[in-house]
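*Asks:* how would this look folded up:
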Amino acid sequence: MSSITRAADGRLLVEAGSGDAAPLEADAVVLAVGATSAAKLTEASPALAALEATRPFAQLRGITCVAVRLYLAPAAVPNRGLRGGTHTSSRLPAAVARAMADSPVLVVGPGVGDLPELLETGFCVYDLERLHDEHAEGELAVLEVDFYRADTIAAMEDDEAVAALALRAAAAALGVAPSVLPASLIIDKAVVRARNAVSHFAVGSAALSPGVVLGDGVYACGDWIDRSGHASWSTEKAVVTGRQAALALGRDMGLRVVANVLPAPEETEQLQALRKVAGGVRMATSSDELPPPAPWAALRWLPSLLSPARAGAARSPSRGVD
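*Replies:* A predicted model of the protein is given here:
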């Protein structure tokens, strides 16, 4: 899809971007794309650019992700009795399986193992045998390492080098010797580089999140879409907002759509109190020192407000405070 225009009768014309192919006529369109893709598509689409809800899209940002899927020679004896996944056995090396005994997923921050490529790069490690039926029924061990903020790794042109780095990173994160995951174990691999394509979760990001209804037959879903009052960003939201978009489209077009969506939970009392404190401080503070609107971001900001130097400035007549 390269652009969306609107015909004289109000229908949407979706350009496929494949040469001379005729545009697809549609009564409605659901944008099931990432935040940066939505921004680029809006820039090229008069039908989207005309909508009020798409105006903040130019501010949406992405980070680079490199996904590395490694098919490894299996351990001689499968590791059994593992927890946390759909399946309870794995053919990864025994030391790796023990390190991941409680979960087939490991979330890792940056700076692991003193590897220069990971200075600002976090990653996730997945034992796909325990998560996917197709791999559980296969004959190889399957390990995936997904790197985020991975511009340096994406610039590496040699897939062999990227795969070797993924094994070193996984070993460091799991606390096993690099010799447990040598490159010689690799039977096959797949390396995907997604530059500036993954939603950038940062302070202020939630304020840019639109609802699932963008207007005039255009809907959206994804981890960057507002889940009707639940502003956090997560993979779960991509599923939930997809269902919400389907429900909204069905309602607007008179279609019966069955999609159960649980309401977002209420904020905790602590978070509600912090939000009130942050709002009060924003009202009482000059515009150049406003804390971020998110309460958890304001929590990090408040200590600097309470420092002696800033407290003295707050009492200065030039600030208009007695």
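*Asks:* Tell me which strands the top strand by length along the chain pairs with, and in which orientation.
*Replies:* For the chain, the longest strand by residue count, based on DSSP state E, is strand 186-199. When pairing is defined by DSSP bridges, strand 186-199 lines up against strand 62-72 (antiparallel).
*Asks:* Skip ahead from the strand it pairs with and say which helix or strand is next.
*Replies:* Using DSSP states H and E, the helix or strand that follows strand 62-72 in sequence is helix 94-99.
*Asks:* which other residues reach the one helix or strand Tyr219 maps to?
*Replies:* Per DSSP H and E, Tyr219 falls inside strand 218-220. With CB atoms under 8 Å, 6 or more residues apart in numbering as the contact definition, strand 218-220 has outside contacts at 4, 12, 28-32, 38, 47-48, 51, 210, 212-214, 241, 245, 248-249. Where you see a C-beta, it was placed from the backbone N, CA and C, and this is true even at glycine.
*Asks:* Could you list the low-pLDDT ranges of the protein?
*Replies:* 18-20, 228-234, 282, 284-322 (pLDDT under 70).
*Asks:* which residue is nearest the middle of this protein?
*Replies:* In the chain, the residue lying closest to the centroid (CA atoms, centre = their mean) is Ser199, at 4.9 Å.
*Asks:* Just the buried residues of the longest strand of the chain, please?
*Replies:* 186, 189, 191, 193-194, 197-199 (16 or more other CB atoms under 10 Å).
*Asks:* Next: stretch 3-15.
*Replies:* 3-4, 6, 12-15.
*Asks:* and what of stretch 91-102?
*Replies:* Residues 91-97, 99-100 are the ones in stretch 91-102 that count as buried (16+ other CB under 10 Å).
*Asks:* Run the chain-centre distance for that stretch.
*Replies:* Its chain's C-alpha centre and that of stretch 91-102 lie 27 Å apart, by CA atoms, centre = their mean, to the nearest Å.
*Asks:* which other residues reach that stretch?
*Replies:* 72, 74-75, 77-79, 82-84, 90, 106, 125, 127, 129, 140-141, 143, 170, 174-177, 180-181, 185.
*Asks:* one step back: tell me the first helix or strand C-terminal of the strand holding Tyr219.
*Replies:* For strand 218-220, the following helix or strand on the C-terminal side (DSSP H and E) is helix 235-253.
*Asks:* Confirm Val107 sits in a strand?
*Replies:* Yes. According to DSSP: H, G, I helix; E, B strand; the rest coil, Val107 belongs to a strand.
*Asks:* Who does it form a beta bridge with?
*Replies:* With DSSP bridges as the rule, Val107 is bridged to Cys124.
*Asks:* i'd like the first residue to be 58 from this point on
*Replies:* Noted, 58 is the first residue going forward, which turns the last one into Val164.
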